[in-house]
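Student: Mind looking at a prediction? Sequence and model below.
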Amino acid sequence: MKKTKYLGLAFLLALIIGCTTEKVTPAKPATPTSPATPAVTNWIVDPRLDATLTTVGAVNQATAPVNPFSPVVTIALGAAAALASWFAKRKNDQAAQSELLFKTVVQGVENAANPAVKAAIQAHAGIIGVEGELGTAVQKINNGSI
């Protein structure tokens, strides 16, 4: 019985961890009154999980007078929502840190102005199939748009 509880808890935790999704805000071109903004990707709680938690919460609230487990369900729903939000925030923090590290490396390579290093990076990018994306990202960093 104890193993079943732990297995169920692990399953629910894995389900909540996987319930974050990307929200991409598209790039906006420059206008006479505002500068251009690059596309932004943020991690958010999956809307399906949010809707499910809301529905279960409403059913729980409606059955509270006859449901002795209503307070426990309320606490569990709050914990699930808090965990999902924390995972989304953690992914956003990791993405921001990765972007800063990438910018630092690109700027360091550009400032070093070592053709051999640039050629080695370009060759490796070609091998793994990201040469075009790398070139675009380096141009954006050099232009200050990232």
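Tutor: Sure thing, it's come through.
Student: hey, let's count contacts and neighbours off CA atoms from now on
Tutor: Fine.
Student: Excluding sequence neighbours, find me the nearest residue to the most centrally placed residue in the chain.
Tutor: Residue closest to the mean C-alpha point of the chain, counted by CA atoms, centre = their mean, is Trp43 at 3.2 Å. Closest residue in space to Trp43, ignoring its immediate chain neighbours: Glu22 at 4.6 Å, by CA to CA, 6 or more residues apart in numbering.
Student: That neighbour belongs to a helix?
Tutor: No - counting by DSSP: H, G, I helix; E, B strand; the rest coil, Glu22 is not found in a helix; it is strand.
Student: Looks like it contacts Ala88 (just checking).
Tutor: No - taking contacts as CA atoms under 8 Å, Glu22 lies outside contact range of Ala88: 9.2 Å.
Student: what are the phi and psi values for the residue nearest to the centre of the chain?
Tutor: Main-chain torsions, Trp43, degrees, to the nearest 10: phi -90, psi 130.
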